Every structure is written in C-alpha cells, then in structure tokens.
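1. With the input below, show me the fold.
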Amino acid sequence: MARTKKVKVAGKHRAGFGTRVRTKLIAVESKQRKSQICHFCKKNGVKRKSAGIWFCEKCNKTFAGGAYYLKD
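-> Numbering: from 1, shown residues only. As a prediction, the model looks like this:
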C-alpha cells in the first residue's frame, strides 16, 4: 500500500476518490488515532477500541463516547 507524506492515510483510496474526500478523511482519521483526555482521571491516555468504544490506559476504564473522537 503506497502512502506518501502528502496523502498520508488516504493513500489507500487511490485517485478515484477525489481530493476533497481524501483531505476530509485525513482530518478525521488523524484526530481519531491520537490519544485523548479521559473524562474520569483527566489524563491523556484514552485510545479508541472501536466505533464509539474508548479505553483509558491510565485508569483502566472502558466507556462509550463519540464514534471518531471524544467531544471536548
């Protein structure tokens, strides 16, 4: 799978999807893969397990939230 610096994770979709769709995909996927702040312990360690399921590595809690990223 070819990925370059310019297209990042959207390289898996090739040219047929268009630039606008791929740039929106990059914005959502890069935000969802970052570790985020836990609502319980207020530390940066929450990772996405699946759509809407989040796990805090610091306090070992699993909870539901947004599908792609937690709301601020």
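2. Where do the strands of this protein begin and end?
-> Secondary structure of the chain (DSSP state E): strands at 36-37, 44-50, 53-56, 62-64.
3. so which of these comes closest to Val28?
-> Ranking the strands of the chain by distance to Val28, with C-beta to C-beta as the measure, places strand 44-50 first at 11.6 Å. Where C-beta positions appear, they are placed from N, C-alpha and C, glycine not excepted.
4. so what secondary structure elements neighbour the closest one?
-> strand 36-37, strand 53-56 (3 or more C-beta pairs under 8 Å, 6 or more residues apart in numbering; DSSP states H and E).
5. Look up how far Gly18 lies from the residue sitting nearest the centre point of the chain.
-> The residue lying closest to the centre of the chain (C-alpha atoms, centre = their mean) is Gln32, at 1.2 Å. Using C-beta to C-beta, to the nearest Å, one obtains 21 Å as the distance from Gln32 to Gly18.
6. What of Lys8?
-> With distances taken as C-beta to C-beta, Lys8 is found 16 Å from Gly18.
7. do the same with Lys31
-> On the measure of C-beta to C-beta, Lys31 and Gly18 end up 21 Å apart.
8. ditto for Val9
-> Look at Val9 and Gly18: by C-beta to C-beta, they are 16 Å apart.
9. neighbour count winner among those two?
-> Val9 (15 against 10; other C-beta atoms under 10 Å).
10. measure the nearest residue to that one once chain neighbours are set aside to Cys59 for me?
-> Leaving aside its sequence neighbours, Val9 sits nearest to Glu29 (C-beta to C-beta, 6 or more residues apart in numbering; 5.0 Å). Taking C-beta to C-beta as the measure, Glu29 falls 26 Å from Cys59.
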